[in-house]
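Participant: Whatever this is, show me its structure:
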Amino acid sequence: MRKLLCTLGALVLLCPILRAQPDLSKFTVAAPTSTTFLSKASEVPPWIIGGSGDWRSYFFVDGINSFVGSAEGSMISNNLVIIQTGPTTTTSPTGGCPNPVWEPSVNLTGPASGVVNVQQYLTMSEGFVADAATTGEFYGQTMIGHPNGQDWRKNYYAIYSANYFVHPTQGPVSIGFIHAENKTNCNGGNVTCQNTLDIMNLLSTCPSGDDWERYNSFVCASWIPNTQATNWGQQYFPNDMGPIVWPSTGYLQPSGVKFTTGVNVPSSIQSGGYLYLFFHDSGPYGSPGNPPFYPPPAEEGRYEGVKVARAPINDALNPRAWQVFYRDPNGVETWHPSLPQGFTKEAMAYYWNLPGPKSTVILGNEATKQFGGGRFSVAQVRNTNYFIGVESYTDYTDPVPGKPGAYRLKTALRYSTDLVHWTDRQRIIETVDDWSQSNLNYPALLGSDGWSNNLVDANDFYVVGTNSVIQSKINKVHIYLPAGVQHAVIPESTATANGFDDSTGALTGIYPNPGHGVYQLSYTLNKNARVQINVLDITGRRLLAGAVAPNQPGAYIKPIDITAYDKGVYLVELLVNGSRRVYKVVYN
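Facilitator: Got it, this is the predicted structure:
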């Protein structure tokens, strides 16, 4: 078995591990400053793909479409950046607001099994008749959809994140990850643009602005060769892949009533031969117990929250190559296809109320209503084996004084060694009462050289974001370790976890340590919690996955046995309601 310890004779040298991550409480979070981009406004902070010399490609979003343009110099060292080439349209919705149409009658055979439960599988605007043999073929079925069939890109189609890589057959490419919308727009109580998904919600009147009961979002991808012939990827992205992930609940309930607003706000990073995609699964729409909405399904893999998908870089242009992360109730972790079986963008209207594959929330389960997720963006920390993530969220435990039903919005930082298992929030860098006050809407990370959203230095980096009004000003918050302040790292086992009560003085730790491979993990809970105990090697690779078990309040002592593994240094991971605490143990 592979040795897990770096040694030099009798001297033990610890490889870079979780505790090497800087303690962000020692860092300075500077007041926001801004950079203005001359010639283009953006709803989200522009994503950057580096080019040659000092040139960078910036992707902008104007609230409907996306554009790309080039500039010399960075937004870190300049308060004004002039877009010198472009901006050129990269993606756009189908245009206009045609009325939704009902497709002609069709015969449909279901997924691989050949059997379809129509109430769970199809959106119906008229009655259906099953064949006598109930083989799964249905006749006279009609469905709602966009006249040109492109329901995923009706009103809004914009690149929120982008990456450059070399594909084995297509060569150098730029891929854009897209937030897309199919929604009903209203003006003065009248419908100005009808959605083409919610057939039970096609009303003639509605409130002004976006009508959230008839709002549907998607996460899609599109790509272009990055060559001189395409001006290095600065043209319209013609290779539309359509959706690459699907909401775990499906968009519609079996009755045809809305189930979710969809999946949204993507960000991406390359690592270990994969492209990783972070997105928010909005989960069940509406309040539990309030008809006509279903209560949220109490099932692992169907909860709302931030989730992650990935595809091998060599196959990332294939929508069917994308897989979502899932941890089953027994703690077994897998990756499986991110789209329903048989899905194609051309046949999308057949899948409105088919649930997506199960996928696990990686930042904590929002079904507890302690917080609501937003965008999550990630960067590799240079010359280390760990990553840092920036998260926007609503904190339902922090109400706004004097505003019943209003809760504060926050932006926070986390760490990970594998892009799947994340620490608790290490530092909250912005707290505001509402969206209009934030300088960091749709946050992303940015290196101190202004070159990349995916690579930052450990002690000096930026978080960038926007205001609630679309404008050419992009905000940036400098986060750095001040000169003369000693570099500090996160102490072992100090990351707080939801459900722990350290104030009781009860022992929470692991012993004997060092030991001979058998240990006792002690912890105390002050409320009901779902607990999982895992063992990782020194690189953060999970070796043993314990079952996820409900625990009542009280003190616990759990045995840990790693005698089947080589002597060395290991990490014991304690997960409580998705929050994480890690202990280093020495097996000698």
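
Participant: Quick one: the strands in the stretch 101-250 of the chain, in order.
Facilitator: Using DSSP state E, counting those that start in this stretch, the strands assigned to the stretch 101-250 of the chain run over residues 101-102, 106-108, 129-130, 138-141, 144-145, 156-167, 171-187, 190-193, 209-225, 239-243.

Participant: got those strands as CSV, with mean pLDDT, distance to Y511 and mean neighbour count columns?
Facilitator: Bear in mind the C-beta positions are built from the backbone N, C-alpha and C, glycine included. Formatted as CSV, those follow (pLDDT from 0 to 100; distance: least, CB to CB, whole Å; neighbours: other CB atoms under 10 Å):
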stretch, mean pLDDT, distance to Y511, mean neighbour count
strand 101-102, 50, 67, 14
strand 106-108, 32, 61, 13
strand 129-130, 25, 64, 12
strand 138-141, 26, 63, 17
strand 144-145, 54, 62, 22
strand 156-167, 94, 44, 22
strand 171-187, 90, 46, 23
strand 190-193, 77, 63, 15
strand 209-225, 87, 45, 22
strand 239-243, 96, 50, 20
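
Participant: Measure how buried V572 is and give me the count.
Facilitator: Using other CB atoms under 10 Å, V572 has 22 other residues around it.

Participant: And P443, by the same measure?
Facilitator: 30.

Participant: Which helix or which strand is home to it?
Facilitator: strand 441-447 (DSSP states H and E).

Participant: Next, the angle from that strand to strand 171-187.
Facilitator: If you take axes from the mean of the first three to the mean of the last three CA atoms, to 10 degrees, strand 441-447 sits at 160 degrees to strand 171-187.

Participant: Who are the packing partners of strand 441-447?
Facilitator: strand 371-381, strand 387-399, strand 455-456, strand 460-466 (3 or more CB pairs under 8 Å, 6 or more residues apart in numbering; DSSP states H and E).

Participant: quick revisit: distance to A71 for the strands of the stretch 101-250 of the chain - can I get that in a markdown table?
Facilitator: Listed next are those as a markdown table, based on distance: least, CB to CB, whole Å:
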| stretch | distance to A71 |
| --- | --- |
| strand 101-102 | 43 |
| strand 106-108 | 50 |
| strand 129-130 | 60 |
| strand 138-141 | 52 |
| strand 144-145 | 40 |
| strand 156-167 | 15 |
| strand 171-187 | 16 |
| strand 190-193 | 34 |
| strand 209-225 | 19 |
| strand 239-243 | 25 |
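
Participant: Quick one: mean pLDDT over the strand holding P443.
Facilitator: For strand 441-447, mean pLDDT rounds to 97.

Participant: what does it rub up against?
Facilitator: 43-45, 47-48, 75-76, 160-161, 265, 267, 374-375, 377-379, 382, 388-392, 411, 435, 452-457, 461-468, 476 (CB atoms under 8 Å, 6 or more residues apart in numbering).

Participant: can you list the domain ranges for the chain.
Facilitator: The chain breaks down by automatic domain parsing into domains covering 6-21+489-587, 104-142.

Participant: weakest of these in terms of mean pLDDT?
Facilitator: Looking at the domains of the chain, the bottom one is domain 104-142 with a mean of 28.

Participant: ok, back up a step: quick one, which of the contacts of strand 441-447 are buried?
Facilitator: Among the contacts of strand 441-447, those classed as buried by 16 or more other CB atoms under 10 Å are 43-45, 47-48, 75-76, 160-161, 265, 267, 374-375, 377-379, 388-392, 411, 452-457, 461-467, 476.

Participant: excluding its backbone neighbours, what's nearest I175?
Facilitator: Of all residues not flanking I175 in the chain, W223 sits nearest, at 4.3 Å (CB to CB, 6 or more residues apart in numbering).

Participant: Same check on Q323?
Facilitator: Nearest one to Q323, counting by CB to CB, 6+ apart, is W335 at 4.1 Å.

Participant: packing partners for the helix or strand where the one you found lies?
Facilitator: Taking DSSP H and E as the criterion, W335 maps to strand 333-337. Where contact means 3+ CB pairs under 8 Å, 6+ apart, strand 333-337 is packed against strand 323-327.

Participant: Name the strands paired with the strand it packs on and say parallel or antiparallel.
Facilitator: strand 305-312 (antiparallel), strand 333-337 (antiparallel) (DSSP bridges).

Participant: got the CA positions of that strand in PDB?
Facilitator: C-alpha atoms of strand 323-327 as PDB (Å, rounded to 0.1, in the frame of the first residue of the first chain):
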ATOM      1  CA  GLN A 323     -21.300  14.200 -13.900                       C
ATOM      2  CA  VAL A 324     -22.600  15.500 -10.500                       C
ATOM      3  CA  PHE A 325     -21.300  14.700  -7.100                       C
ATOM      4  CA  TYR A 326     -23.500  12.600  -4.800                       C
ATOM      5  CA  ARG A 327     -23.000  11.200  -1.300                       C
END
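
Participant: Noted, bye for now.
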